[in-house]
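Q: Show me the folded form of this:
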Amino acid sequence: MLQHKLTNPDALIQLRHDLHQHPEVSGQEKQTAERIVQYLQQYNPDQLLTGLGGTGVAAVFNGKNPEGPVVLFRAELDALPIAETNELAYTSKQKGVGHQCGHDGHMTILTALGSLLHQHKPARGKVILLYQPAEETGAGAWDLLQEEAFLALQPDYVFALHNLPGVPMHQVVVRQEVFAAASTGMVVELQGKSSHAAEPEKGLNPGQAMAEIVLNFNQIIQQKAQFEDLTLLTVIHARLGEVAFGTNPGFATVMATLRSYQPADLKKLKTLTQGAVARMAEKHGVSYKLHFVEEFPATVNYPEAVQLVQKAADYLNLEVKEAEHPFRWSEDFGHFTQKYKGAMFGLGSGEAQPQLHHSDYDFPDELIPTGAAMFHRIAKEILSQ
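A: Next up, the predicted model:
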C-alpha cells in the first residue's frame, strides 16, 4: 500500500508508545512538543518553528523547487483529563491523564510523513507538519490563527484525519460540506443572597431559578421543528451553593453543551437559551452572568480537498465510505477550514475498538503507515500538478 516504505517503523511505534506514556492536557504540552522536536531532527526539516500558540510545532519540508503550493497537515498535541484503565507496557504514567482520543497516534502519523518527505522530496512547493496544542478545549487552532509566525506560512491547503473506532480498520471516511458538528459550552451563574437556613426569608435562594432554567433548556431542545438539522443541548453540570446544612445558598451555576450541525442552528440555540435565562432570572429576582467557553465551529470540508482525499485513497486501494451525516463530536480544525481550502477525513480504527474518550481506548499502531500514506499521497497529488 505504501508508495515508499517508512524507515524504521519500529522506532515510530516506540515514539507513539512514549507519547502515550507521557500525556499532557490542553495548553500544557511542553514535554510532548519537546519529544516531537527531538524526533523530527533526524529528518532535517528546512524550517522548524516552536512555541506556536503556546506549545505548537511546525516542521517545513521544501520541495526541490520551493516555489509552488503549500500543503499543511495537522495533528494534535494534547491528551484528556481521563484516567486510563488499560494495563499496557506503555500505560499512561500521568495520574488522571491519558491519550483516549488517539492524538498520540495522529502525532506519530504526522511524524511518519516527515520520514517519507525526508526520503523523497516533493517536486515543488512545501509541506508543513503542524502539531497543534489545545484541540480538546477548542483554543489551539484559534490561538495559532492569531499568530504572525503561523500566518506567514500561508498554506494553500490544510488536511487532518481522525481515527474512528467502530469503523473497519483502514477504511477512509469522507464527507462533503459539514464533517463535524459545531459546539460550545455555556456557563450560567446565578446570584441571589445567602442567609441562615433557619431564616430563608432573609435571603434569596436561586434554586428555583436554576431548576426552571434546566426545565426550559429541555423544552427548547425538544422542539425539533424550529431547527434545520440535528441540534442538541446537554446539561452537564448544575450546582446550588455549598454543602452546608446551616446555610440558605445565595448562588447557583448551570452548565450546558450546545451542539449542532448547522451554524445557523447553533446561533438560534444560543439566542433561545439566553432568553430563557434572562426570563427566569427576572421572574425570581436574581442576577446572572452568562458566557460561552470552548467554542468549536463546524468543520466544513472544501469540495476540491475532499476529492483529493478520495483520489489518494483510491490510489492506495483503500476502501472509501461517504458518511451520511456529520459526526456529532466537534473539532477545532473547523477554524482552519474557515480560512483555507481543506478537509478532515476519518480513518477506521477497528469495529471492536473502544470508543473515543473511553478509559480503555488505545490507538492501533497498524494505522500509522496507513495515515502516513494517505497524507503523503495527498501532498503528491497537489505538488505534482
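
Q: Just read off the phi/psi values of the residue nearest to residue 220 when sequence neighbours are not counted.
A: For residue 220, the nearest residue in space outside its immediate sequence neighbours is residue 272; the separation is 5.0 Å by CB to CB, 6 or more residues apart in numbering. All C-beta spots, glycine's among them, are computed from the backbone N, C-alpha and C. Comment: the main-chain dihedrals of residue 272 come out as phi -70, psi -40, following degrees, to the nearest 10.

Q: Next: residue 34.
A: Residue 34 adopts backbone torsions of phi -60, psi -40, taken as degrees, to the nearest 10.

Q: same deal with residue 320?
A: Dihedral angles for residue 320 - degrees, to the nearest 10 - are phi -120, psi 140.

Q: I'd like the numbering to begin with 286 instead of 1 from here.
A: That works, and once the first residue is 286, the last one we named lands at residue 605.

Q: That one: what's it in contact with?
A: Residues counted as contacts of residue 605 (CB atoms under 8 Å, 6 or more residues apart in numbering) are 456-459, 595, 598-599.

Q: switch to 10 Å and redo it
A: When the contact criterion is CB atoms under 10 Å, 6 or more residues apart in numbering, the partners of residue 605 are 456-459, 594-599, 630.

Q: quick one: the helices in this protein?
A: Assigned by DSSP state H, the helices in the chain fall at 294-306, 315-325, 388-404, 425-429, 433-436, 492-507, 548-569, 588-600, 619-624, 652-668.

Q: do you know which of those lies nearest residue 357?
A: With distances scored as CB to CB, the stretch of these nearest to residue 357 is helix 619-624 (7.9 Å).

Q: Poorly predicted segments of the stretch 336-485 of the chain, please.
A: Within the stretch 336-485 of the chain, not a single segment meets pLDDT under 70.

Q: any idea how this structure splits into domains?
A: The domain map for the chain lists 294-466+583-668, 469-580, with the assignment taken from automatic domain parsing.

Q: got any ranges where the stretch 486-635 of the chain has weak pLDDT?
A: By pLDDT under 70, the stretch 486-635 of the chain contains no weakly predicted segment.

Q: Quick check: closest non-adjacent residue to the most centrally placed residue in the chain.
A: Centre of the chain computed as the mean C-alpha position; nearest residue by CA atoms, centre = their mean is residue 616, 3.6 Å away. Counting by CB to CB, 6+ apart, residue 616 lies nearest to residue 465, which is 4.6 Å off, once chain neighbours are set aside.

Q: which residues touch the one you found?
A: Contact partners of residue 465, counting by CB under 10 Å, 6+ apart, are 447, 546, 581-586, 608, 611-619, 622, 629, 631.

Q: hmm, try it at 6 Å
A: 584, 611-612, 615-616 (CB atoms under 6 Å, 6 or more residues apart in numbering).

Q: Can you say which of the domains of the chain is packed in most?
A: domain 294-466+583-668 (a mean of 20; mean count of other CB atoms under 10 Å).

Q: Span of that one from start to end?
A: In domain 294-466+583-668, first residue to last residue: 25 Å (CA to CA, to the nearest Å).

Q: Might you calculate how far it sits from the centre of the chain?
A: Between the centre of domain 294-466+583-668 and the centre of its chain there are 10 Å (CA atoms, centre = their mean, to the nearest Å).

Q: Longest strand of the protein, counting residues only.
A: When every strand of the chain is counted residue by residue (DSSP state E), the longest turns out to be strand 350-361.

Q: Packing partners of that one?
A: Helices and strands touching strand 350-361, by 3 or more CB pairs under 6 Å, 6 or more residues apart in numbering; DSSP states H and E, are helix 388-404, strand 409-417, strand 442-449, helix 652-668.

Q: any chance of the ones you listed in TSV, plus distance to residue 292?
A: Rendered in TSV, the data for these read as follows (distance: least, CB to CB, whole Å):
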stretch	distance to residue 292
helix 388-404	5
strand 409-417	16
strand 442-449	21
helix 652-668	11
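
Q: These: which one's closest to residue 302?
A: Per CB to CB, nearest to residue 302 of these: helix 388-404, 8.1 Å.

Q: From residue 445, how far off is the closest residue in space to residue 665 that isn't next to it in sequence?
A: Distances taken as CB to CB, 6+ apart put residue 407 closest to residue 665, at 7.0 Å, once the chain neighbours are dropped. Using CB to CB, to the nearest Å, one gets 19 Å for the distance from residue 407 to residue 445.

Q: try residue 587
A: The spacing between residue 587 and residue 445, counted by CB to CB, is 13 Å.

Q: Residue 644 is in contact with residue 371, isn't it?
A: No - if you go by CB atoms under 6 Å, residue 644 and residue 371 don't touch, sitting 7.9 Å apart.

Q: I figured residue 491 was touching residue 537, is that so?
A: Yes - when contacts are counted by CB under 6 Å, residue 491 is listed as touching residue 537 (4.3 Å).

Q: Now do the contacts for residue 412.
A: 346, 356, 402, 664.

Q: Quickly list what it is bridged to.
A: In this structure, residue 412 has the following beta-bridge partners (DSSP bridges): residue 346, residue 356.

Q: Check the one 4 residues further on too.
A: Residues in a beta bridge with residue 416, per DSSP bridges, are residue 342, residue 360.

Q: Make sure it is actually in contact with residue 320.
A: No - in this structure, residue 416 is not within contact of residue 320 by CB under 6 Å, at 10.2 Å.

Q: wait, isn't the residue nearest to residue 505 in contact with residue 507?
A: No - with contacts defined as CB under 6 Å, residue 557 does not count as touching residue 507, sitting 11.9 Å away.
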